[in-house]
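# Turn this into a model:
(chains A, B, C and D, ligands or ions: 6)
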Amino acid sequence: MVPPTAVAEASRPRHEIDSVVVRFAGDSGDGMQVTGSQFTLTSALAGNDFATFPDFPAEIRAPVGTTFGVSSFQINFGSQRIETAGDSLDVLVAMNPAALKVELKNLRVGGTIIADVGQFNDRNVKKAGFVANPLEDGSLEKYRVIKIDISALTMEAVKNSGLSKRDGLRCKNFWTLGLIYWMYGRDRAPTVEWLNKRFGAKRPELATANIAAMNAGHAFGETAEMSGEMTAFTVRPAEIAAGVYRTISGGEALAYGLVAGSQLAGLNIMFGSYPITPASPLLHILAGLKQFGVTTFQAEDEIAAVCAAIGGSYAGQLGITSSSGPGIALKMEAIGLAISTELPLVIVNSQRAGPSTGMPTKTEQSDLYQAVFGRNADAPLVVLASRSPSDCFETAVEAVRLATKYMTPVMLLTDGYIANAAEPWLIPDLAKLKPFRVRFRTEAEGFHPFLRDPKTLARVWATPGTPGLQHRIGGIEKAYDSGHISYEAGNHQKMTDTRKAKIDGIGNDIPEQGIEEGERTGDLAVVGWGSTYGPINRAVYTMRQKGLKVSHIHLRHIWPLPRNLGDLLKGFRRVLVPEMNTGQLVTVLRSQYLVAAEGLNKVNGQPFKISEIEHAIRTRLEH
Amino acid sequence: MVPPTAVAEASRPRHEIDSVVVRFAGDSGDGMQVTGSQFTLTSALAGNDFATFPDFPAEIRAPVGTTFGVSSFQINFGSQRIETAGDSLDVLVAMNPAALKVELKNLRVGGTIIADVGQFNDRNVKKAGFVANPLEDGSLEKYRVIKIDISALTMEAVKNSGLSKRDGLRCKNFWTLGLIYWMYGRDRAPTVEWLNKRFGAKRPELATANIAAMNAGHAFGETAEMSGEMTAFTVRPAEIAAGVYRTISGGEALAYGLVAGSQLAGLNIMFGSYPITPASPLLHILAGLKQFGVTTFQAEDEIAAVCAAIGGSYAGQLGITSSSGPGIALKMEAIGLAISTELPLVIVNSQRAGPSTGMPTKTEQSDLYQAVFGRNADAPLVVLASRSPSDCFETAVEAVRLATKYMTPVMLLTDGYIANAAEPWLIPDLAKLKPFRVRFRTEAEGFHPFLRDPKTLARVWATPGTPGLQHRIGGIEKAYDSGHISYEAGNHQKMTDTRKAKIDGIGNDIPEQGIEEGERTGDLAVVGWGSTYGPINRAVYTMRQKGLKVSHIHLRHIWPLPRNLGDLLKGFRRVLVPEMNTGQLVTVLRSQYLVAAEGLNKVNGQPFKISEIEHAIRTRLEH
Amino acid sequence: MNVVPERLTAKDYATDQEVRWCPGCGDYAILKAVQKTMADLQASRDRTVFVSGIGCAARFPYYMETYGFHTIHGRAPAIATGIKLANPSLDVWVVGGDGDMLSIGGNHLLHALRRNVDLQILIFNNEIYGLTKGQYSPTSRVGTRSPSTPQGSVDLPVSALAFALGCGARFIGRSIDTEQKHLPEVLKRAHGYRGAALVEILQNCIVYNDGVFADITESDVADDRQLYLEPGQPMLFGKNREKGIRLNRETLSLEVVTVGQNGITAADVLVHDEKNKMIAHMLALMEPPEFPVALGVIYCAPEVQSYETGLLAQVTEAKAKGAADLNKILRSGHTWKV
Amino acid sequence: MNVVPERLTAKDYATDQEVRWCPGCGDYAILKAVQKTMADLQASRDRTVFVSGIGCAARFPYYMETYGFHTIHGRAPAIATGIKLANPSLDVWVVGGDGDMLSIGGNHLLHALRRNVDLQILIFNNEIYGLTKGQYSPTSRVGTRSPSTPQGSVDLPVSALAFALGCGARFIGRSIDTEQKHLPEVLKRAHGYRGAALVEILQNCIVYNDGVFADITESDVADDRQLYLEPGQPMLFGKNREKGIRLNRETLSLEVVTVGQNGITAADVLVHDEKNKMIAHMLALMEPPEFPVALGVIYCAPEVQSYETGLLAQVTEAKAKGAADLNKILRSGHTWKV
Ligand SMILES: Cc1ncc(C[n+]2csc(CCOP(=O)(O)OP(=O)(O)O)c2C)c(N)n1
Ligand SMILES: Cc1ncc(C[n+]2csc(CCOP(=O)(O)OP(=O)(O)O)c2C)c(N)n1
Ligand code: SF4
Ligand code: SF4
Ligand SMILES: [Mg+2]
Ligand SMILES: [Mg+2]
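Ligands and ions are numbered 1, 2, ... in the order given. Just a heads-up that it's a prediction; the model follows:
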């Protein structure tokens, strides 16, 4: 098929810019997430670097036109390296008054508002909480406001499609997308392809109508009428490493990473989970990867989910479970069993705002305490954190490696932001990853279930079904020398020490901590973990440009910590730890190294802005 | 009734000694716990200070004669202040070979063994794991061994009681008790009274037989035959504060303290629990205190137990729940709800050895991490720890005070040692305790459910049934100004900060940290919490006698910490933290105050010995 | 002079909070029916409590102008038990979805029913997890395709009502979200029952499971697929109430018969006896297409002492045994003076 | 030449670990019966797994010379489900007490039964919490005095088997600890059933609940209080098998009759049909003194696909659709080259 609009490109002069932040905002039913991901895709194909931030309402489908029903999708794309979804908006697409109401505060002064005036009727304006129509009352004069009756123009564009009025109006997101495509000189072909694939077979009229709407929006940009108000831009491809790329969300990267890890270990996966926001995507994606020997079990609750995973590991598969904060809390008793019986287990925790139910759709990093400390008794395990959607892949592989090599539970921390956001990813060649095949115990000679590898201290993995190795394990303390139940005092000390030594020893099997940006010594080390990577990195970079002696250190291994971290931190005059919690990593660092690390804490369900971290760096170094 | 043996007292010369450690050890079915508590009672009545340590097997009733079925009871009593149950034994009563096998290692060189030779037959000797009869093979020559055929003598003593052979033999613990009573010049009358009360109504023949056995044992001591081998001792009354005393176990003190607290608060108690070792005694005791407006609910599991307690608090009673480590882990998600809805809740955690099932009957202090950090999200609560059985009373009252005044969950840490041990207790006059009556909200004017006291930051407590105050609460984030659901970014920050500030602020409402023993500055501060009080205190005392500049600081308030603690610690050159875990309080202290505190860790299910702590102090101060 | 008591209307039981379900969700209808029930009962707003877990259904308390507690997933029956024990004079309703009550919350439901706590427990059964975006639930039929079961679910669903009977429930009823006359009647019966009363409400999730009950509720099939039970009345249904349920006393199974055909007379049709537990079992399990769905009060055992009544009687009994003097108790038993 | 296969005896299924139950505990008898069952089945020791929760009963795996997993309280059915999903060729037995399975573990039991996971699930019902020293359990009778209920329990007990049927269990059976002939037979039937098979074993806790089943097991009453069910056989019991169970088809309830009295003939006695769920319900609930206790296989529905079979078929199906090449999947969809 010939791209229907290939001709129109470059027919008018375009301004060249480095990067742009656009946010599509509308009602939950307006299809903003689809719009955003289509735009992401074409940005990727245009060679831009980018980062995205989908922002959902808590309700499945809140009543139309309400502020709490606003759904939006933010993308930052550019010809330079993009680290975050952007601090403030250059362009805000507001499909209705509520969207404007909610998102306006994020728009930079002088930024552009594209508003569907067709939706700014009295009722909607009032519903959004405005006293008067903001498009009319002069309250937006700090911005460039482009008023278009997108609703009407969409209806016009699809009038021959045979769709009902309701269905026709639904195409307005694609009309808008067409307009934005024009603004940034994007190719519509991939979206046409996508629409045909999505609707083609079952409801071709929907594909046709949406394509028509998109083309109409695009043409609208092209036409002279708007030329005074609207500018077309060019954003050149970014300079990024050569290779084959795709976009990837945190959920996908996790799923692929776990599957890749299981293949490197030579294991099938027994995945037990119970739905919970924002952890469910991993369940959904893995459910579609059964061809890799993945069994997905939607359990009756989180406890059963982790227990089934433990049962899976006991029986010789890789047990994995996943949830978010409240669900992870429920799993802790069972995780203690996996620690005590020394079975491999990967626990993925997609953190969300708490305490309790909190704000399920908002992000937070507040489960570090729970991960490191949140169990009864001395019960150490491994804690890893991924820093971005694509980083989830590597972190997941590392989680599988450590879980199987050390016969231990590994908690992998991600968060709502990472789970939902997407970014471009240089696809790795899996053939080049180093395998770490599991060796099950089969020799009966000298066997007992708590025999240990003298180096790793990992116990043997002997699975039911192995001839002659029948044995019993359980959560009661076990004799070091036989694995039988033991209440002997000295033995418990030895076993406790051994469990601790095993986990501590992993510090020697993980890379030394490196520096993301800056020198190995200096005035200020900014230490982060998880999804704060982007804003910290960009802020440190910028402040270094300004001559400040600041460096960025970002932890993947939270427990045990990299063996050189203490020394590294001592090379800096001050240590700052930005976290989306009230100060959790900072507690760990202070206790481990007695460094006077201070926290920079943000707990409002939103990622850090670059400027917030820049500001914090500046104040720390001006004192 | 005239005490049957009052005449015999003081008829022979007695050696005077300061303190003695005796351990009664026998089969689970041998009644060692009863023997021990009777001996405790008479020691109390004799005016001695004392401390006890009951040590149970894990099995309900292990097969007779096995080492894992040995049950023992240790008591340290004296005319001086007694802080612990004693490091090593002066007297070991071994009712069978297994008891000797298990407990011999605790006997000091030169100590006395009283053995029932009637049980040292080949079969039992072998079952206990001896190759030869230790009473015969010279292996005990470092000790004074007193061999008595207690079994036969008991049978002789009860032969006219009409009891079956089996029941008759069961009296041998009272025969032994009689002998020990003679050794330490004890009055048998209270035990006679107890036996009559216990069996009098239903099986008077059992009372008679046991009394006969006790008297026979006593008479046996009196008789000339043993005078060469056995010595009678006098242990003078200790100098202790004047007043009325009783013995009290941790479980009792907790129950009474919670009831006292509820009375001071003017509330009834809704207690939800699920049985678990060693937490069950609290359930059992409270179930017998219903006259105080205590409802005890044995729930289907720990989650339901805490939820019912939360429901109770919501409805205007004092919700309390109790468990041990694994059960507490299960409660964490619900505790988060209580934190989020800001309801009072007392959670009693009787710690035991872990991880997982661990060693349920052995003590440990390894749930401090879980208490302070063990929940999803930023979810601070109050953590208290009691230091001894009697201290549970005060700690429980304090827990109720803070929970109700600050509308917050309070975790009270105790442990298996405290729960089971007993000590003398100067009974407080409850009329003298300061009430802290709860004021429920009743005014509708200006009401919303998250209205706060500006000083404590506690929210109002408005219970269902109050006219005009109907409202909704839940675990989703709430608007600071109305209590309605809110996903607003700034609001979540404010609420998170407020929840933290409320708990932090409690630091100003608790006593400043004092010093238990020693000066406010010095070379070494030994900082403890919980049941390590006794050995630390005694060790510090002894080392101070030797001129070392060491002080003992003992925390009741673990979170928030007393406001002056940081300054206090800075007054010492070194800080040592003995804990029955791998180093949990030490982590908290290091992170909070950046003091180079070091741990002294013991994780073998046994309390610290005084000598272990003395040794640690010495090595720290000799460097 | 008579003071005319102020009558509360259904609206008086609505809060000022914006209702946040998807437009068209069956939960709206249930909300309306419950508010009507409240008005019919003239329920005291400040002595009524709605307790829920988590889920779309569990948002319910926010919309009731009574006391309300939106708790955590699956635990509402346990929390409600605590509330009832602490204050038995409160009128406590428990609300949850099929996931909340039968998946994560199954154990608490079992024990609340077994103990016979005086609660009204409403399950909004939409055979799906609504709030978490459409995964299959324990009541989903075999073959349900959902994000977590792209190839279709393979596990057998549980019947809320058969489960309840197995747990020892003494009152079970069933209705449909949109049945604005019938639903309040069932709810009132549940309310009147002293003990645990469970009501299953078939609820349409328009977004993730639209039409899952269409085979029961669509107007063209409704008459043939809905059996309204009335105590003491024959089990008739169908457009002209020509169909009936007959008990085959040999096989102990139910059959659909048509009165007037094959010699079937009105006398052959089973008369509803709310107290017959075995029949209740069979009625609870009736499913289309073979059978109509049984609606109304399916089982109502004679009242026995409810749990909180029994437990609190022990507190009263203990109190009656003499003044509760803790000082005295502390000093009882062996004490000594120094 | 024929190789005579080595036959394993009951002893070959015993471990070298000292058994740590109280002397006289009913668990010893069950252990013996299970070891005999294993020998009868010539079960492979290394393909058999015993999974348990926590409790006296749950110590069971330590004494079986097979694979064994002593897990945590209440979770054995969930862990066993994971084991079976990971390796369906294993023969998985689940063991737990009444507290383990019906109190904290009720939800997992419900779902393992509903899903029809191919497990043999044994509940050692002693109507008490043994390991934690004697508190009452969900199967304890009303009025049970225990450390936590000094005034007697007030809540109604749950029937393990009625509960199981309500959950959708397809195989339920019952026996008694000391019945060394009967118990292995029931266990073998359970073993042979492909799907979840639940067996309740009445077990005497000599320390905390001694004689709680005396009204069933004491030799002077046993004949009158034990009904041994045989498929296709009339339900007769009593010293001379003179008593029988009759179904009153009007009230749908069971009655005890004496053959030869009041005109009752053998033909009046109900014949056991393992497939009749309604009868199974009634049999499960029969209790002394009015009734004998039903023993044997009470219900055995026709086999349907077990959960793990269905779920793993989806894995197989997915695999059949082509080689699983992750590199390829990563590169499918929209990619671009830089
Ligand atoms: C401990 C915990 N686990 C999981 C979740 C996520 N969750 C919220 S509601 C829900 C199920 C919703 O289904 P249902 O109860 O049927 O209610 P519906 O939304 O269909 O009304 C789940 C899994 C949670 N909030 N908490
Ligand atoms: C999470 C948790 N809660 C509670 C316990 C304590 N506990 C151990 S066994 C048990 C109940 C035992 O009763 P049952 O299951 O009937 O087994 P029995 O001992 O009677 O054989 C309890 C409450 C525990 N180990 N773990
Ligand atoms: S997702 Fe379904 S159940 Fe939930 S509010 Fe929407 S329509 Fe109702
Ligand atoms: S307590 Fe009871 S169930 Fe447990 S081992 Fe002893 S007799 Fe058996
Ligand atoms: Mg649902
Ligand atoms: Mg039991």
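
# make it CA atoms for all contacts and neighbour counts henceforth
Noted.

# burial of A:His15, as a residue count?
For A:His15, the neighbour count with other C-alpha atoms under 10 Å in any protein chain shown is 12.

# neighbours around the nearest residue to it once chain neighbours are set aside, how many?
Sequence neighbours aside, A:Phe233 is the residue nearest to A:His15 in space, at 4.5 Å (criterion: C-alpha to C-alpha, 6 or more residues apart in numbering or on different chains). Number of residues near A:Phe233 (other C-alpha under 10 Å) recorded here: 18.

# Now do the contacts for the residue in the stretch 351-500 of chain A positioned nearest to ligand 1.
Proximity of the stretch 351-500 of chain A to ligand 1 (C-alpha to the nearest ligand atom) peaks at A:Thr357, 6.2 Å away. With contact set as C-alpha atoms under 8 Å, 6 or more residues apart in numbering or on different chains, A:Thr357 has these partners: A:326, B:337, B:475-477, C:72.

# Could you identify which of these has the most neighbours?
A:Pro326 (29 neighbours).

# ok, now how distant is the closest residue to it other than its chain neighbours from C:His73?
Distances taken as C-alpha to C-alpha, 6+ apart place B:Glu333 nearest to A:Pro326, at 5.6 Å, with adjacent residues excluded. With distances taken as C-alpha to C-alpha, to the nearest Å, B:Glu333 is found 10 Å from C:His73.

# which of those two has more neighbours?
Shown here are B:Glu333 and C:His73; by other C-alpha under 10 Å, B:Glu333 has more neighbours (29 against 25).

# May I have the predicted confidence score for the more buried one?
Looking at B:Glu333, its pLDDT stands at 98.

# which residues touch it?
A:326-327, A:329-330, A:356, B:375-376.

# now the residues you listed in TSV, with distance to ligand 3 and pLDDT?
Shown next, in TSV, are the contacts of B:Glu333 (distance: C-alpha to the nearest ligand atom, whole Å; pLDDT from 0 to 100):
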residue	distance to ligand 3	pLDDT
A:Pro326	21	98
A:Gly327	20	98
A:Ala329	25	98
A:Leu330	24	98
A:Ser356	20	97
B:Arg375	28	97
B:Asn376	26	97
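
# Strands - which of those residues land there?
Using DSSP state E, no member of the contacts of B:Glu333 falls in strands.

# Name the nearest of the residues you listed relative to ligand 2.
Closest to ligand 2 out of those is A:Leu330 (11.3 Å), distances taken as C-alpha to the nearest ligand atom.

# I'd say the closest one and B:Ala329 touch.
Yes - A:Leu330 is within contact range of B:Ala329, at 7.4 Å (criterion: C-alpha atoms under 8 Å).

# and A:Ala157, how many residues sit next to it?
By the criterion of other C-alpha under 10 Å, A:Ala157 has 24 neighbours.

# List the contacts of the residue nearest to it when sequence neighbours are not counted.
Nearest non-adjacent residue to A:Ala157, counting by C-alpha to C-alpha, 6+ apart: A:Ala213, 5.5 Å away. A:Ala213 makes contact with A:154, A:157-158, A:171-172, A:174-175, A:178, according to C-alpha under 8 Å, 6+ apart.

# Now flag whichever of those residues is closest to C:Val158.
The nearest member of the contacts of A:Ala213 to C:Val158, counting by C-alpha to C-alpha, is A:Cys171 at 40.8 Å.

# hey, what's the nearest residue to A:Val64 once chain neighbours are set aside bridged with?
Leaving aside its sequence neighbours, A:Val64 sits nearest to A:Asp27 (C-alpha to C-alpha, 6+ apart; 6.4 Å). Assessed by DSSP bridges, A:Asp27 has beta-bridge partners A:Val70.

# Name the residues of the longest helix along chain C that come out as buried.
In chain C, with assignment by DSSP state H, the single longest helix is helix C:26-41. Neighbour counts over helix C:26-41 (16 or more other C-alpha atoms under 10 Å in any protein chain shown) mark C:26-40 as buried.

# Report whether that helix contacts chain A.
No - taking C-alpha under 8 Å from any C-alpha of the partner chain as the criterion, helix C:26-41 and chain A are apart, separated by no less than 12.0 Å.

# give the contact list for A:Glu516.
Here A:Glu516 is in contact with A:537, A:551-554 (criterion: C-alpha under 8 Å, 6+ apart).

# so A:Leu264 makes contact with A:Phe436?
Yes - between A:Leu264 and A:Phe436 there is a contact at 5.5 Å, judged by C-alpha under 8 Å.

# neighbour-wise, which of those two wins?
A:Leu264 (20 against 17).

# For stretch A:278-295, what is the distance to the chain centroid?
Centroid separation for stretch A:278-295 versus its chain: 16 Å, with C-alpha atoms, centre = their mean, to the nearest Å.

# Could you pull up the mean pLDDT of that stretch?
Computed over stretch A:278-295, the mean pLDDT rounds to 97.

# Can you tell me the SS state at A:Ile553?
Assigned with DSSP: H, G, I helix; E, B strand; the rest coil, A:Ile553 falls in the strand class.

# just the one 5 residues further on next, same as before
Three-state secondary structure (criterion: three-state DSSP) places A:Ile558 in strand.

# count of neighbours near it?
Neighbour number of A:Ile558 under other C-alpha under 10 Å is 22.

# Could I get the contacting residues of it?
A:382-385.

# Could you do A:Gly465 as well?
By C-alpha under 8 Å, 6+ apart, the contact list for A:Gly465 reads D:46-48, D:90.

# and if you look at A:Val64?
Contacts of A:Val64 (C-alpha under 8 Å, 6+ apart): A:27-29.

# Is there a quick PyMOL command that grabs whichever of the residues you listed are buried?
To isolate the buried members of these in PyMOL, using 16+ other C-alpha under 10 Å:
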select buried, chain A and resi 27+28+29
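
# okay if I get the contacts of A:Val64 as CSV plus distance to A:Gly518?
CSV is the format used below for the contacts of A:Val64 (distance: C-alpha to C-alpha, whole Å):
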residue, distance to A:Gly518
A:Asp27, 43
A:Ser28, 42
A:Gly29, 45
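
# which one among the contacts of A:Val64 gets closest to ligand 1?
In terms of C-alpha to the nearest ligand atom, no member of these lies closer to ligand 1 than A:Ser28, at 17.2 Å.

# do you know how far the closest one is from A:Asn173?
Distance, A:Ser28 to A:Asn173, using C-alpha to C-alpha: 12 Å.

# Now tabulate the contacts of A:Thr357 in JSON lines and tack on distance to ligand 1 and secondary structure.
Below are the contacts of A:Thr357 laid out as JSON lines (distance: C-alpha to the nearest ligand atom, whole Å; DSSP: H, G, I helix; E, B strand; the rest coil):
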{"residue": "A:Pro326", "distance to ligand 1": "5", "secondary structure": "helix"}
{"residue": "B:Leu337", "distance to ligand 1": "11", "secondary structure": "helix"}
{"residue": "B:Gly475", "distance to ligand 1": "10", "secondary structure": "coil"}
{"residue": "B:Ile476", "distance to ligand 1": "10", "secondary structure": "strand"}
{"residue": "B:Glu477", "distance to ligand 1": "13", "secondary structure": "coil"}
{"residue": "C:Ile72", "distance to ligand 1": "6", "secondary structure": "coil"}
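
# okay, the residues you listed in CSV with distance to ligand 5 next?
Putting the contacts of A:Thr357 into CSV (distance: C-alpha to the ion, whole Å) gives the following:
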residue, distance to ligand 5
A:Pro326, 19
B:Leu337, 22
B:Gly475, 19
B:Ile476, 19
B:Glu477, 23
C:Ile72, 15
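
# In the residues you listed, find the pair that's most separated.
Among those, A:Pro326 and B:Glu477 lie farthest apart (C-alpha to C-alpha), at 14.1 Å.

# Which residue would you name as the spatial centre of the chain?
Here I'm looking at chain A. Centroid-nearest residue in chain A: A:Ile418, 1.0 Å away (criterion: C-alpha atoms, centre = their mean).

# Actually, chain C is the one I wanted.
Short answer for chain C (C-alpha atoms, centre = their mean): C:Val199, at 1.9 Å.

# mind saving the C-alpha coords of the helix or strand containing that residue as CSV?
Element membership for C:Val199 (DSSP states H and E) is strand C:197-202. Extracted in CSV, the C-alpha atoms of strand C:197-202 (Å, rounded to 0.1, in the frame of the first residue of the first chain):
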residue,chain,number,x,y,z
ALA,C,197,-27.5,-13.0,55.2
LEU,C,198,-25.8,-13.3,51.8
VAL,C,199,-27.3,-11.8,48.7
GLU,C,200,-25.7,-12.3,45.3
ILE,C,201,-26.5,-9.5,42.8
LEU,C,202,-25.9,-10.2,39.1
